[in-house]
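Chemist: Fold the following.
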Amino acid sequence: MAITRIGNPALANVREPNFRNILINGDMSIDQRNSGSSVTVGTVNPLYTLDRMAVQSSQSSKFSIQQNAGSVTPPEYFKNYIGATSLSAYSIASGDYFTIRQGIEGSNIINLAWGTSDAKTVTLSFWVRSSLTGTFGGSFTNDGFNRSYPFSYTISSANTWEKKSITVAGDTSGTWLTTNGLGIYVTLGLGVGSTYSGTAGSWSASGLLSATGATSVVGTNGATFYMTGMQLEAGSVASDFEFLPHDVNFNRCERYYHKTEQFTWFLIGRTVNTGYALARYFFRNTMRASPTMSTGGSFNTGSGYGGVPTFTETDVNGTGLKSASTTGANTNLWLNDGIIIADAEL
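Modeler: So this is what the prediction gives:
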């Protein structure tokens with residue numbers, strides 16, 4: 001809504017963020033995992049790259065993904081984009097799929113009322129740039145992968161940023177989760193075979209990832225596909241992209257993926273247990289679900305004994321750390337260049 005600024009007419013029409021964008025990190029600014037490095041995509045599905053952005057691939061090493069790949073100038077007002085680069089001229093088989101997608105938590109789509117007679121229309125918009133032209137495709141799918149809406153859009157000029165908008169009447173059938181599970185997958189195809197492609201513009205009682213006849217990015221060696229400003233909102237009109245403050249955007253991403261900085265001799269706890277040290281590590285933000293924990297770097301206890309700690313009693317707020325064996329009591333537990341990773345992605 002418009003906020004009236006008393007005493008300064010020039011600010012009378014300034015709009016405050018209202019979180020109309022259901023997607024997170026749509027400006028592609030947060031990249032905790034790779035910090036802008038290129039990743040060759042294998043067959044880990046889904047493989048998360050930039051925060052909240054995942055890729056799917058039925059074959060290994062057919063494309064790479066990177067924040068700001070190719071170092072082109074983004075659209076006006078944007079600084080970052082996600083970029084896919086084809087690594088070969090691969091002929092798509094019927095069961096193949098190569099996609100970029102974001103999974104939306106069900107609790108964030110309650111107001112859409114999908115799966116009921118009151119289902120709301122939504123509009124997806126984004127900026128896209130490709131070395132290829134023609135018809136491209138994508139889809140909306142549910143958690144059960146038994147409801148989907150393939151869509152298509154056209155890229156008219158090679159290596160030129162173009163803004164696209166797709167309006168979809170909400171699904172009045174099927175099951176669309178409104179829990180902390182997967183509510184909606186929004187997918188953009190980079191090459192999808194006939195098994196997972198369907199007629200654009202209508203709902204299907206099957207799992208489809210793209211529109212029939214869509215251009216295959218992985219079919220041309222060196223082809224590029226760049227995208228940013230991805231926004232999904234209720235209604236039939238695409239509004240301007242909603243930029244959020246960096247800290248707000250980052251905190252929203254951390255509900256799904258939390259990665260510490262690499263510390264040097266940072267004390268995190270102390271116990272009186274003989275044989276090992278215990279500590280509690282609290283996440284900066286409450287996570288979507290109890291995360292999968294992992295570590296990187298090196299760890300040491302305060303007595304100088306090395307070893308990677310194990311995790312105990314993990315929940316949405318934090319995790320316990322149990323050191324490798326030590327001697328004596330009152331042992332401090334330190335992180336020596338260690339990294340803690342908590343993953344609660346959809």
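
Chemist: List the residues that contact the residue lying closest to residue 261 once chain neighbours are set aside.
Modeler: In this structure, residue 261 finds its nearest non-sequential neighbour in residue 339, 7.7 Å apart by C-beta to C-beta, 6 or more residues apart in numbering. Backbone N, C-alpha and C define where each C-beta goes, glycine included. Residues in contact with residue 339 (C-beta atoms under 8 Å, 6 or more residues apart in numbering) are 259, 260, 261, 262, 295, 296, 297.

Chemist: now, among the residues you listed, which is nearest to residue 229?
Modeler: residue 259 (24.9 Å; C-beta to C-beta).

Chemist: Enumerate the beta-bridge partners assigned to that closest one.
Modeler: Beta-bridge partners for residue 259, by DSSP bridges, are residue 341.

Chemist: Residue 233 now?
Modeler: Going by DSSP bridges, residue 233 forms beta bridges with residue 123.

Chemist: Out of the contacts of residue 339, who's the most crowded?
Modeler: Ranked by the number of neighbours (other C-beta atoms under 10 Å), those place residue 260 first, at 19 neighbours.

Chemist: Quick check: chain neighbours aside, which residue is closest to that residue?
Modeler: Leaving aside its chain neighbours, residue 260 sits nearest to residue 340 (4.7 Å; criterion: C-beta to C-beta, 6+ apart).

Chemist: Just after the helix or strand of the chain with the lowest mean pLDDT, pick out the following helix or strand.
Modeler: Within the chain, no helix or strand scores below strand 266-270, which has a mean of 55 by mean pLDDT, DSSP states H and E. Next helix or strand after strand 266-270 toward the C-terminus (DSSP states H and E): strand 278-282.

Chemist: Strand partners (parallel or antiparallel) of that next one?
Modeler: strand 318-322 (antiparallel).

Chemist: any idea how far the strand it pairs with is from the chain center?
Modeler: Computed by C-alpha atoms, centre = their mean, to the nearest Å, the chain-centroid distance of strand 318-322 equals 26 Å.

Chemist: Next, the buried residues of stretch 76-95.
Modeler: By neighbour count with 16 or more other C-beta atoms under 10 Å, stretch 76-95 contains the buried residues 78, 80, 81, 82, 83, 84, 85, 86, 87, 90, 92.

Chemist: Am I right that the second one is in contact with residue 228?
Modeler: Yes. Between residue 80 and residue 228 there is a contact under C-beta atoms under 8 Å: 6.5 Å.

Chemist: which one of the buried residues of stretch 76-95 sits closest to residue 117?
Modeler: residue 82 (36.0 Å).

Chemist: what's the pLDDT at the closest one?
Modeler: Per-residue pLDDT puts residue 82 at 99.

Chemist: Who's the closest spatial neighbour of it, skipping the chain neighbours?
Modeler: Nearest one to residue 82, counting by C-beta to C-beta, 6+ apart, is residue 28 at 4.9 Å.

Chemist: helix, strand or coil for the one you found?
Modeler: Three-state call for residue 28 (DSSP: H, G, I helix; E, B strand; the rest coil): coil.

Chemist: So what's the residue count around it?
Modeler: Residues lying near residue 28 (other C-beta under 10 Å) number 25.

Chemist: so it makes contact with residue 66?
Modeler: No. Counting by C-beta under 8 Å, residue 28 does not reach residue 66; the two are 10.5 Å apart.

Chemist: what do the two both touch?
Modeler: Residues touching both residue 28 and residue 66 by C-beta under 8 Å, 6+ apart: residue 82.

Chemist: Low-confidence bits of the stretch 151-300 of the chain, can you list those?
Modeler: 263-275, 277, 299-300 (pLDDT under 70).

Chemist: Tell me where it has strands.
Modeler: Counting by DSSP state E, counting those that start in this stretch, the stretch 151-300 of the chain has strands at residues 162-168, 182-192, 197-198, 210-211, 224-234, 257-259, 266-270, 278-282, 292-296, 300-301.

Chemist: Looking at those strands, which is nearest to residue 18?
Modeler: Closest to residue 18 of the strands of the stretch 151-300 of the chain, according to C-beta to C-beta: strand 224-234, at 10.0 Å.

Chemist: and that closest one, what does it pack onto?
Modeler: strand 82-86, strand 97-105, strand 122-130, strand 182-192 (3 or more C-beta pairs under 8 Å, 6 or more residues apart in numbering; DSSP states H and E).

Chemist: what lines up beside the first one in the sheet?
Modeler: Taking DSSP bridges as the criterion, strand 82-86 sits next to strand 63-67 (antiparallel), strand 224-234 (antiparallel) in its sheet.

Chemist: can you pull the buried residues of the last one?
Modeler: Taking 16+ other C-beta under 10 Å as the basis for neighbour counts, the residues of strand 224-234 that come out buried are 224, 225, 226, 227, 228, 229, 230, 231, 232, 233.
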